[in-house]
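**Student:** Generate coordinates for the sequence data below:
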Amino acid sequence: MLTARQIRAAKMRLALRGLREGWSIFLESRIGVVGLVVIVIFALMAVSHPILMATIWDDTTYDPVTGYAFDQSEQPAPPSWSHPLGTDPLGRDVLSQLLSSTSSEFILGIVAALVTVSIATTVGAVAAYYGGIVDTFFMRLADLVVSLPGISLLIVLSALIDLNLFMLALVLGVLGGFGGTAIVLKSQALGISVKPYIEAARVAGGGRFHIIFTHIVPNLLPLSFLYMMFTVTAAIFSEAVLSFFGLLNIRMSWGIMIHTASTGGYLLGGARYWWLIVPAGASITLLCSTFYLVGRALDEVANPRLRRR
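**Tutor:** A predicted model of the protein is given here:
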């Protein structure tokens with residue numbers, strides 16, 4: 001008879017083998033690899049800003065909020081050697097703003113995704129296992145959340161509470177966790193809850209919480225990780241919209257960069273002041289797209305029917 005240590009070692013070997021197989025399947029997807037490379041580039045951008053501020057750039061000139069390009073007499077100034085992406089209407093370096101905002105976008109997306117997946121996975125597993133009134137309550141709550149206009153709700157909340165970066169991530173995570181993601185994960189959990197090993201665990205005396213969090217939730221994690229990618233995309237887009245309207249208490253973001261250009265009357269100025277719009281707008285579009293592409297590639301890993309033969 002196997003000991004508990006041998007069982008844990010066998011589970012670890014199976015998990016590692018599953019990770020290796022999933023990674024090999026992911027590498028077969030070109031869009032997934034491209035998306036992952038772009039995400040790594042953005043991560044390097046986020047890491048590079050504090051390094052540049054500590055070694056090369058000085059705060060008085062390159063601080064993304066309070067800096068001013070003293071070597072430029074007219075603002076906004078076009079790109080130059082000292083300011084590769086030019087300066088904004090307030091004389092602040094656009095490249096410094098772009099790099100410093102990248103870390104905020106990553107933090108927002110990751111926190112919102114973790115909150116969403118934690119809530120949705122638990123809700124989906126509990127609703128599928130218990131059924132009845134528990135299932136009805138959570139699914140009707142999910143229907144209500146899905147029916148709410150997301151951006152409009154966030155605009156109203158910004159008037160009621162101090163909506164900073166962490167609070168926005170928490171709100172987006174809760175809305176996503178009790179919304180559509182919970183419905184999808186619950187449907188997947190229904191298929192898992194009727195598996196023979198679930199019944200075997202029940203017959204062996206396993207409690208409800210033991211079965212849910214030991215057998216159902218781990219089997220939902222591949223699909224949960226897939227929806228993490230989509231949640232990051234939604235969070236970045238929501239932050240950009242709210243920052244553009246000036247509704248977030250945040251130091252600097254890509255949405256604020258576009259808002260500053262719009263306030264100064266440069267948003268519809270055409271290609272003449274491109275450096276005020278293109279860097280931030282392209283970053284929002286590219287980062288959202290890459291997380292979506294990675295999510296599509298992970299869909300092939302989580303769903304065997306989509307794998308290439």
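
**Student:** which stretches of this structure form strands?
**Tutor:** Assigned by DSSP state E, the chain shows no strands.

**Student:** Quick check, central residue of it?
**Tutor:** Nearest residue to the geometric centre of the chain (C-alpha atoms, centre = their mean): Val232, 1.7 Å.

**Student:** Quick check, it in contact with Phe291.
**Tutor:** Yes: contact criterion C-beta atoms under 8 Å: Val232 and Phe291 qualify, at 4.7 Å. Every C-beta, even on glycine, is put in place using the N, C-alpha and C of the backbone.

**Student:** can you list the weak-confidence ranges in the stretch 151-300 of the chain?
**Tutor:** Nowhere does the stretch 151-300 of the chain drop to pLDDT under 70.

**Student:** give the contact list for the nearest residue to Ile110 once chain neighbours are set aside.
**Tutor:** In space, Ile110 comes closest to Val232 once its chain neighbours are excluded; the distance is 6.9 Å by C-beta to C-beta, 6 or more residues apart in numbering. Neighbouring residues of Val232 by C-beta atoms under 8 Å, 6 or more residues apart in numbering: Gly109, Ile110, Ala112, Ala113, Phe291.

**Student:** quick one: Val232 from Phe225, how far?
**Tutor:** 11 Å (C-beta to C-beta, to the nearest Å).

**Student:** my guess is Leu36 contacts Phe291, does it?
**Tutor:** No: with contact defined as C-beta under 8 Å, Leu36 does not reach Phe291; the gap is 10.0 Å.

**Student:** Which one of the two is surrounded by more residues?
**Tutor:** Phe291 (26 against 18; other C-beta atoms under 10 Å).

**Student:** Identify the residue spatially nearest to Val34, adjacent ones excluded.
**Tutor:** Val34 sits nearest to Leu293 (C-beta to C-beta, 6+ apart), 6.6 Å away.

**Student:** now do Tyr266
**Tutor:** Closest to Tyr266 by C-beta to C-beta, 6+ apart is Tyr273, at 4.6 Å.

**Student:** before we move on, what about Val241?
**Tutor:** Ile151 (5.8 Å).

**Student:** give me the number of residues near the one you found?
**Tutor:** By other C-beta under 10 Å, neighbour count at Ile151 equals 12.

**Student:** can you tell me which residues contact it?
**Tutor:** Ile151 sits in contact with Ser238, Val241, Leu242, where contact means C-beta under 8 Å, 6+ apart.

**Student:** Save those residues as a markdown table, and put in distance to Pro79 and neighbour count too.
**Tutor:** Putting the contacts of Ile151 into a markdown table (distance: C-beta to C-beta, whole Å; neighbours: other C-beta atoms under 10 Å) gives the following:
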| residue | distance to Pro79 | neighbour count |
| --- | --- | --- |
| Ser238 | 30 | 22 |
| Val241 | 27 | 17 |
| Leu242 | 29 | 23 |
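
**Student:** Select from these every entry located in helices.
**Tutor:** Among these, the ones falling in helices (DSSP state H) are Ser238, Val241, Leu242.

**Student:** which residues sit in contact with the first one?
**Tutor:** Looking back up the chat, that one is Ser238. Gly150, Ile151, Leu154, Leu168, Leu172.

**Student:** can we see that at 7 Å?
**Tutor:** By C-beta atoms under 7 Å, 6 or more residues apart in numbering, the contact list for Ser238 reads Gly150, Ile151, Leu154, Leu172.

**Student:** top of those by neighbour count?
**Tutor:** When neighbours are counted by other C-beta under 10 Å, Leu172 leads those with 24 neighbours.

**Student:** show me the contacts for the residue lying closest to Gly124 once chain neighbours are set aside.
**Tutor:** The spatially closest residue to Gly124, leaving aside those adjacent along the chain, is Leu185, at 3.2 Å (C-beta to C-beta, 6+ apart). When the contact criterion is C-beta under 7 Å, 6+ apart, the partners of Leu185 are Ala120, Thr121, Gly124, Leu220, Leu223, Ser224.

**Student:** hmm, 6 Å instead?
**Tutor:** Each residue near Leu185 by C-beta atoms under 6 Å, 6 or more residues apart in numbering is listed here: Ala120, Thr121, Gly124, Leu220.

**Student:** Inside helices: which ones of those residues?
**Tutor:** Those of the contacts of Leu185 lying in helices (DSSP H): Ala120, Thr121, Gly124, Leu220.

**Student:** for those, which one is nearest Ile25?
**Tutor:** Leu220 (18.5 Å; C-beta to C-beta).
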